[in-house]
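S.K.: Model the following, please.
(2 chains)
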Amino acid sequence: MLVRATRPALNAGAVAAVRPILIPTASYATLREIEGRLKSIRNIEKITKTMKIVASTKLTRAQRAMTESRSYGQTSNTVFENAETKADTEDGAKKTLIVVCSSDKGLCGGIHSGLTKKTRRMMESIPNADLVVLGEKSKAQLSRSSGKHIKLSFAGVGKDVPTFADAQAIADQISLLPEDYGDIQILYNRFINATSYEATPIEAFSEEAIKNSPNFAAFEIDDEALSNLREYALANSLFWALAEGHACEQSARRNAMDNASKNAGDMISKFSILYNRTRQAVITGELVEIITGAAASEG
Amino acid sequence: MAFAWKEAGLTYNRYLAVAARAVRRSLKEGPRVHAERRGEMELRFAKWNNGKQGESKSLATENAAAMAEGAEKSS
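M.R.: Numbers count the residues shown, from 1 in each chain, chains lettered A, B, ... in the order given. Model (predicted):
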């Protein structure tokens, strides 16, 4: 057998020259081992490539949903901009609620941990804030650091493009929370371009904040309608945040899988060179053995 | 209260969701199937208490239950 004939010394030299970091115990990398490793890397590359294609197709849909949802969020925010609404947190009597819009699935780079980090930073400045977490990934991360602040967590987010029904149901459950929050911050990943996104908060205001805003009288709305407006604005902002977060996640996953496939390709080319070198070394070794044997028997 | 849905214990979002569902159901067969997909909601949620996650429940049934409770209180 070729493999058994491999002389350890020769083999070790070849391996150490090509890839010293990958195989620390270099002396035992036989041909068959390298072959097996190559095969598994090829399989992984296939998987990551498929995931990339899936993410790419989902991305176009997600981006369309994102641009559509933006008009919801921005239209409802125009009202508050014109009214110059400010969050009523100055007195410090009322708590702040942070809603973190992540999702259930991983394998998409650092977008979940980006949100988590931003949340932790916000918690430092507002230490008594409560949390509502959408999605399993950030929930797992946040439950370790600030589990006591979490009031609600939602699962099943991000399976598909988020619907307005999702946002409404979440908004309802948030408004059912016993505490009356002075300020609600919705934290989501803002889509800057295909490769970059930023954890950004959008504000949703409480009823008093809307009522106290300086230019609100211009709208001539009954006070009774305010609670409706508040609930609806919360749903709008949530929908916007969910859709944009979803688009970011898909694009991040596409990038992550693209990188993974590229790395797998690199590893494959390195390993095939290593494989061929080792094979040649084995053949040379055998030739040397045969020739010396022949020379010895002649002499 | 001036609003019928408030008297019935619904939130404005719930009222909107019900109205939207009614509109979707009254569409023609082709567009209806497409539109109803936009109304789906399969989230689950859990209430947290003192750093411990509570039981995971379906959001739709739980919301409906909360609304029903609200209706009993207001009537």
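S.K.: ok, A:A194 - how many residues close by?
M.R.: 14 (other C-beta atoms under 10 Å in any protein chain shown). Placement of C-beta: from N, CA and C, glycine included.
S.K.: same thing with A:R70?
M.R.: By other C-beta under 10 Å, 15 other residues sit near A:R70.
S.K.: so what does the helix or strand containing it touch, helix or strand wise?
M.R.: Following DSSP states H and E, one finds A:R70 within helix A:31-83. Judged by 3 or more C-beta pairs under 8 Å, 6 or more residues apart in numbering or on different chains; DSSP states H and E, helix A:31-83 is in contact with helix A:2-5, strand A:196-205, helix A:226-298.
S.K.: Chain B: which of the ones you listed is closest?
M.R.: Comparing these against chain B with C-beta to the nearest C-beta, the closest turns out to be helix A:226-298 (3.9 Å).
S.K.: Now do the contacts for A:K52.
M.R.: Counting by C-beta atoms under 8 Å, 6 or more residues apart in numbering or on different chains, A:K52 makes contact with A:254, A:257-258, A:261.
S.K.: For the residue nearest the centre of chain B, give me the pLDDT.
M.R.: What sits nearest the mean C-alpha location of chain B, by C-alpha atoms, centre = their mean, is B:R14, with 4.8 Å. Among the per-residue scores, B:R14 shows a pLDDT of 87.
S.K.: so who does it touch?
M.R.: A:168, A:172, B:5, B:63, B:67.
S.K.: okay, residue 54: pLDDT?
M.R.: You didn't pick a chain, so chain A it is. With respect to pLDDT, A:V54 has a value of 93.
S.K.: oops, I was thinking of chain B
M.R.: Value for B:G54, per-residue pLDDT: 84.
S.K.: Pretty sure it sits in a strand.
M.R.: Yes. Assessed by DSSP: H, G, I helix; E, B strand; the rest coil, B:G54 belongs to a strand.
S.K.: ok, it - contacts?
M.R.: Per C-beta under 8 Å, 6+ apart, neighbours of B:G54: B:46-48.
S.K.: 10 Å instead?
M.R.: A:152-153, B:45-48 (C-beta atoms under 10 Å, 6 or more residues apart in numbering or on different chains).
S.K.: again with A:K95
M.R.: Contact analysis of A:K95 by C-beta under 10 Å, 6+ apart lists A:89, A:126, A:128-130, A:149, A:179-184.
S.K.: Okay, it and A:G182: tell me how far apart.
M.R.: Applying C-beta to C-beta, to the nearest Å, the value for A:K95 to A:G182 is 7 Å.
S.K.: for A:V54, same thing?
M.R.: For A:V54 relative to A:G182 (C-beta to C-beta), the value is 42 Å.
S.K.: buried residues in stretch A:177-184?
M.R.: A:181-184 (16 or more other C-beta atoms under 10 Å in any protein chain shown).
S.K.: May I ask which of the contacts of B:R14 has the most neighbours?
M.R.: Neighbour counts for the contacts of B:R14 (other C-beta under 10 Å) peak at A:Q168, which has 28 neighbours.
S.K.: thought that residue was touching B:A19?
M.R.: No. Look at A:Q168 against B:A19 with C-beta atoms under 10 Å: they stay out of range, at 11.3 Å.
S.K.: Great, nothing more from me.
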